[in-house]
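Asker: here you go, sequence then predicted model.
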Amino acid sequence: MAEKRSATLVEKASKEIIRYIIGNKMMPGEQLPTEVEFLERLHISRGTLREAFKVLVARNILEIRQGAGTFISNKKGVPDDPLGLNFIYDDSRLVLDMLDVRMMFEPRVAELAAVNATPEQKKEIAVRAAKLEDCIRRGEPYAQADCAFHRSIAEASGNHIVENLTYILNSSVSKNIEITFDVQRESNTVYYHRKILKAIEQGSIDNARYFMMMHLNLLREFVLDKIEREQ
């Protein structure tokens, strides 16, 4: 009974913390008040508060940085594997399915970015594109930089739902790189990322859509050929 009551207190505290975040319109990267402030606000024990924080960290809502404090997570509450991709064991088929889904909406996302991107967002896309190319030039892993490039386009679209969808679907990027044996890093990744960036900078809706479609379609063709060879 005591255990159930404790769990209920943690749930209530978690909801109150979320209510505080929403009420103050806090954004990813912003720091929460100190434990002392929350203890006074919520009238709970330190143990309950810390358990509530753990729950929200597990839900990708909060992030605890040792020695710095508690912050709003950049993952915005999106689970690490909401589609259960870890349990789809056919990597080639998984990548193909993911690319099919991405092709349904990412060209449109690029269009929206070409229309809605602010000067600051265009600069951020360019920075992430340059970082990606730098990783490739140095021969370093670049999946994270690749994801960041596509995510910056989603952020520039002006559609918050798209941002979260892109975060989920970009979990396929490392699989793309693995399945294509990294051979498309120059002919596709670098080449078409530059084209997409330029189209967004120029506000060219048609080119943004077309080059994003070409980028994804070339990846799809490579993976499809691989599956056919294996069969």
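Answerer: Yep, that arrived.
Asker: roughly how far is the helix or strand harbouring residue 221 from the heart of the chain?
Answerer: Element membership for residue 221 (DSSP states H and E) is helix 205-230. Offset of helix 205-230 from its chain centre (C-alpha atoms, centre = their mean, to the nearest Å): 21 Å.
Asker: low-confidence stretches in this structure?
Answerer: 1-7, 78-92, 167-184 (pLDDT under 70).
Asker: which residue ranges of it form strands?
Answerer: With DSSP state E as the criterion, the chain has strands at 62-65, 69-72.
Asker: quick one: the helices in the protein?
Answerer: 2-23, 35-42, 46-58, 91-116, 119-138, 143-156, 160-169, 173-179, 191-202, 205-230 (DSSP state H).
Asker: now render these as TSV, adding mean neighbour count.
Answerer: In short, each C-beta sits where N, CA and C put it, glycine included. Listed next are the helices of the chain as TSV, based on neighbours: other C-beta atoms under 10 Å:
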stretch	mean neighbour count
helix 2-23	14
helix 35-42	14
helix 46-58	17
helix 91-116	19
helix 119-138	16
helix 143-156	22
helix 160-169	17
helix 173-179	19
helix 191-202	20
helix 205-230	17
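Asker: okay if I get those helices as JSON lines plus distance to residue 77?
Answerer: JSON lines is the format used below for those (distance: least, C-beta to C-beta, whole Å):
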{"stretch": "helix 2-23", "distance to residue 77": "9"}
{"stretch": "helix 35-42", "distance to residue 77": "19"}
{"stretch": "helix 46-58", "distance to residue 77": "9"}
{"stretch": "helix 91-116", "distance to residue 77": "20"}
{"stretch": "helix 119-138", "distance to residue 77": "22"}
{"stretch": "helix 143-156", "distance to residue 77": "16"}
{"stretch": "helix 160-169", "distance to residue 77": "9"}
{"stretch": "helix 173-179", "distance to residue 77": "21"}
{"stretch": "helix 191-202", "distance to residue 77": "27"}
{"stretch": "helix 205-230", "distance to residue 77": "27"}
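Asker: closest to residue 75 out of these?
Answerer: With C-beta to C-beta as the measure, helix 160-169 is the member of those nearest residue 75 (7.1 Å).
Asker: which strands or helices does that closest one pack on?
Answerer: helix 91-116, helix 143-156 (3 or more C-beta pairs under 8 Å, 6 or more residues apart in numbering; DSSP states H and E).
Asker: quick check: angle from it to helix 91-116?
Answerer: 150 degrees (axes from the mean of the first three to the mean of the last three C-alpha atoms, to 10 degrees).
Asker: list the contacts of helix 160-169.
Answerer: The contact list for helix 160-169 (C-beta atoms under 8 Å, 6 or more residues apart in numbering) reads 75-76, 78, 82-83, 98, 101-102, 105-106, 109, 112, 150-151, 153-155, 157.
Asker: again, but for stretch 104-116
Answerer: So stretch 104-116 is contacted by 121, 125, 150, 153-154, 156-159, 162, 165-166, 196, 199-200, 202-205, 207-213, 216 (C-beta under 8 Å, 6+ apart).
Asker: stretch 194-202 too?
Answerer: 110, 113-114, 117, 122, 125-126, 129, 153, 156, 207-208, 210-212, 214-215.
Asker: centre of the chain to that stretch, how far?
Answerer: 21 Å.
Asker: with stretch 194-204 instead?
Answerer: Relative to where its chain is centred, stretch 194-204 has its mean C-alpha point 21 Å off (C-alpha atoms, centre = their mean).
Asker: pop the domain breakdown of the protein in here.
Answerer: Under the assignment automatic domain parsing, the domains of the chain span 2-72, 85-230.
Asker: circling back: nearest approach to residue 224 belongs to which of the strands of the chain?
Answerer: Taking these one by one with C-beta to C-beta, strand 62-65 is closest: 38.4 Å.
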